[in-house]
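In: Pasting a predicted model and its sequence here:
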Amino acid sequence: MSAQFQRDAVRAFRFVRCGLDAATGVAELVYAFDDGPELTETITIPGAPFALAGARAHAVEQALRVLHLIAGVSYYKAAVPEQIRIDSYAIDADTAALLELIYVNGLGEFAYRNGLNLHGKIRFPVGEGRGEDRAPTLGLRQHALVAIGGGKDSLVSIEALRAMEIEQTVTWVGGSQLIAACAQRTGLPTLNLGRALAPQLFELNRQGAYNGHIPVTVVNSAIMVLAALLHGVDQVVFSNERSASYGSLIEGTGEVNHQWSKGWACEQAFGDYVQRHVAADLHYYSLLRPLSELAVARQFARTDRYDAHFSSCNRNFHILGERPVSRWCGVCPKCHFVFLALAPFMTKPRLVGIFGRNLLDDPAQTDGFDALLEYRNHKPFECVGEGRESRAALAALAERPEWREDALVERFAREIRPQLGDDDLRIEPLLTLDEEQRLPPPLWERLRAYFAA
Ligand SMILES: CC(=O)N[C@H]1[C@@H](OP(=O)(O)OP(=O)(O)OC[C@H]2O[C@@H](n3ccc(=O)[nH]c3=O)[C@H](O)[C@@H]2O)O[C@H](CO)[C@@H](O)[C@@H]1O[C@H](C)C(=O)N[C@@H](C)C(=O)N[C@@H](CCC(=O)O)C(=O)O
Ligand SMILES: Nc1ncnc2c1ncn2[C@@H]1O[C@H](COP(=O)(O)OP(=O)(O)OP(=O)(O)O)[C@@H](O)[C@H]1O
């Protein structure tokens, strides 16, 4: 970008065009501010050439457009202008409603941190004379593209699908070596989807664009839906647990959910949309929706297959910047939470071996753990479990001889626990399966049996 970016002078964000080259599997998603230079994000789906015709070609076009519209959130946020324009195709009211839901809620943390109010401000233009599309059934092959993120959650799903003998391909977006190593460790077929943000975005950031969190899970979901159609398979599986539906409670503001696009509202809206507008037999669902973070941690602890490979620490996943020296930084909210969530279900030497140290015996981490407990602070803007899960996990550790003398466990028992009622501190009620989920019905029954076993 040559001219200096003046975010407040921008009038319109434009969805310029999108296209897919079926011969190479490369999709281009093009955006612009006003009449400024084009910003092009590139998505690469391996496996080309793809033979597309008839209803499948139409479904691919629909999936490409919805990806274009959702991935635009990374660029729109740079200026949050009054106007949104779609230059090369029209959308219906249903599509506009989905996008407004995703943009307003998925940018909730971004808006809060930047002092913006997006409610009622984001309006996608609805084209004239378009009725609602009803997607046909395409006869997709029974097979799951399962998203892998390098952390514990997706590995729990992958092992569950393996146990239930569901054919799966372990799939991820981007160039993370850590995710690649976990994927390889599964021993299953893999698929690595390419995503390159428009390089000018980083320059816009340097020039004072608005910046902040975007709903990355629904962007990855839309990429995987496109990949599923190109590969002719009928399931896109994520591993978002029920705890993700609950945000941080901010005094004077209300609930702000960092992980909104991992929550139930997003899964329902996006999954239903895909079946109505893209392909009636393409199922998008989260296998872990019925589980809390603690239930996922308990399940993860049942095998040590990934101990030396996985990491939930987000410092591993930056696009820009240096790679961390260790898989676990040990000081961020995700390290704190995952250590705490696994502790009730693993031997202490195994857990300390994974992290390389005992985070609960380090007084320097007091504030970090207090935020998880919602004690004198709100739950961090990160993908961590609910406050009640952290409180129940610490209460359980306070009863265990091997943990109770560690600095932060001892402090919890002395200072915090007496202020809490016993009902708030039991782990067992947090381990039950919830009914809220959108798994294909026969799979739900089998999954129930698997987790109960
Ligand atoms: C790795 C990470 O946590 N990144 C967040 C961080 O970004 P940062 O500037 O420190 O570095 P980069 O990730 O390299 O990004 C550089 C800039 O690129 C833009 N950008 C990046 C990805 C994208 O999809 N769209 C973008 O526009 C952005 O301008 C970046 O500054 O801080 C940002 C907030 O300022 C966060 O938005 C970055 O988060 C990434 C989108 C990300 O992938 N985060 C996941 C690790 C993450 O938070 N996953 C959650 C799921 C949450 C959800 O679905 O909403 C999880 O752990 O479960
Ligand atoms: N690069 C990626 N490509 C595709 N899917 C991803 C990617 N990163 C994360 N995901 C998926 O997004 C969802 C949310 O990610 P999240 O980080 O919570 O999961 P995780 O890495 O499996 O576990 P953890 O919570 O321990 O980090 C998961 O279903 C995960 O598989």
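Out: Structure received. Ligands and ions are numbered 1, 2, ... in the order given.

In: Would you indicate which residues of stretch 86-93 are buried?
Out: Ile86, Ile91 (16 or more other C-beta atoms under 10 Å). Quick note: C-beta positions are derived from backbone N, CA and C, even for glycine.

In: What mean pLDDT does it get?
Out: For stretch 86-93, the mean per-residue pLDDT is 96.

In: Quick one: end-to-end length of that stretch, please.
Out: Start-to-end span of stretch 86-93 (C-alpha to C-alpha, to the nearest Å) is 14 Å.

In: and Gln142, which of the three is it?
Out: Three-state call for Gln142 (DSSP: H, G, I helix; E, B strand; the rest coil): strand.

In: For the stretch 1-150 of the chain, which residues are neighbours of ligand 2?
Out: Contacts of the stretch 1-150 of the chain with ligand 2, taken as C-beta under 6 Å from any ligand atom, map to Ala147, Ile148, Gly149, Gly150.

In: quick one: which of the residues you listed is nearest to ligand 2?
Out: Among these, Gly149 lies closest to ligand 2 (C-beta to the nearest ligand atom), at 2.6 Å.

In: okay, now the closest one: neighbour count?
Out: Look at Gly149: counted by other C-beta atoms under 10 Å, it has 24 neighbours.

In: just Gly106 next, same as before
Out: For Gly106, the count of nearby residues is 27 (other C-beta under 10 Å).

In: Is it in contact with Cys266, as I believe?
Out: Yes. Contact criterion C-beta atoms under 8 Å: Gly106 and Cys266 qualify, at 7.4 Å.

In: joint contacts of those two?
Out: Common contacts of Gly106 and Cys266, defined by C-beta atoms under 8 Å, 6 or more residues apart in numbering, comprise Pro215, Val218, Trp260.

In: Mind checking which of those land in strands?
Out: Among the shared contacts of Gly106 and Cys266, no member falls in strands (DSSP state E).

In: For the strand or helix carrying Ile84, buried residues please.
Out: Ile84 is part of strand 83-86 when elements are defined by DSSP states H and E. For strand 83-86, burial by neighbour count (16+ other C-beta under 10 Å) applies to Ile84, Ile86.

In: quick one: contacts of that strand?
Out: Arg11, Ala12, Phe13, Arg14, Phe15, Leu69, Tyr76, Ile122, Arg123, Phe124, Pro125, Gly127.

In: do that again at 7 Å, thanks
Out: The set of residues external to strand 83-86 that reach it, using C-beta atoms under 7 Å, 6 or more residues apart in numbering, is Arg11, Ala12, Phe13, Arg14, Phe15, Arg123, Phe124, Pro125.

In: Quick check: the third one touching Tyr76?
Out: Yes. Contact between Phe13 and Tyr76 holds when scored by C-beta atoms under 7 Å: they sit 4.8 Å apart.

In: follow-up on the earlier one: filter the contacts of strand 83-86 to the buried ones?
Out: When those are checked for burial by 16+ other C-beta under 10 Å, the buried set is Phe13, Arg14, Phe15, Phe124.

In: tell me which of these is nearest to ligand 2?
Out: Among these, Phe15 lies closest to ligand 2 (C-beta to the nearest ligand atom), at 23.2 Å.

In: which residues touch the closest one?
Out: Contacts of Phe15 (C-beta under 7 Å, 6+ apart): Tyr31, His68, Leu69, Gly72, Ile86, Asp87.

In: would you list those residues in JSON lines and tack on distance to ligand 1?
Out: Output for these, formatted as JSON lines (distance: C-beta to the nearest ligand atom, whole Å):
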{"residue": "Tyr31", "distance to ligand 1": "12"}
{"residue": "His68", "distance to ligand 1": "14"}
{"residue": "Leu69", "distance to ligand 1": "15"}
{"residue": "Gly72", "distance to ligand 1": "10"}
{"residue": "Ile86", "distance to ligand 1": "20"}
{"residue": "Asp87", "distance to ligand 1": "21"}
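
In: thinking again about what came up before, out of the buried ones among the contacts of strand 83-86, what pair is the most spread apart?
Out: Of all pairs drawn from the buried ones among the contacts of strand 83-86, the greatest distance, 12.2 Å, lies between Arg14 and Phe124 (C-beta to C-beta).

In: can you give me the helices for the stretch 151-300 of the chain?
Out: 152-163, 177-186, 200-206, 216-231, 264-277, 293-300 (DSSP state H, counting those that start in this stretch).

In: Name the nearest of the residues of the stretch 1-150 of the chain next to ligand 2 relative to Glu241.
Out: Nearest to Glu241 out of those is Gly149 (C-beta to C-beta; 12.3 Å).

In: The closest one: what's it in contact with?
Out: So Gly149 contacts Ile179 (C-beta under 7 Å, 6+ apart).
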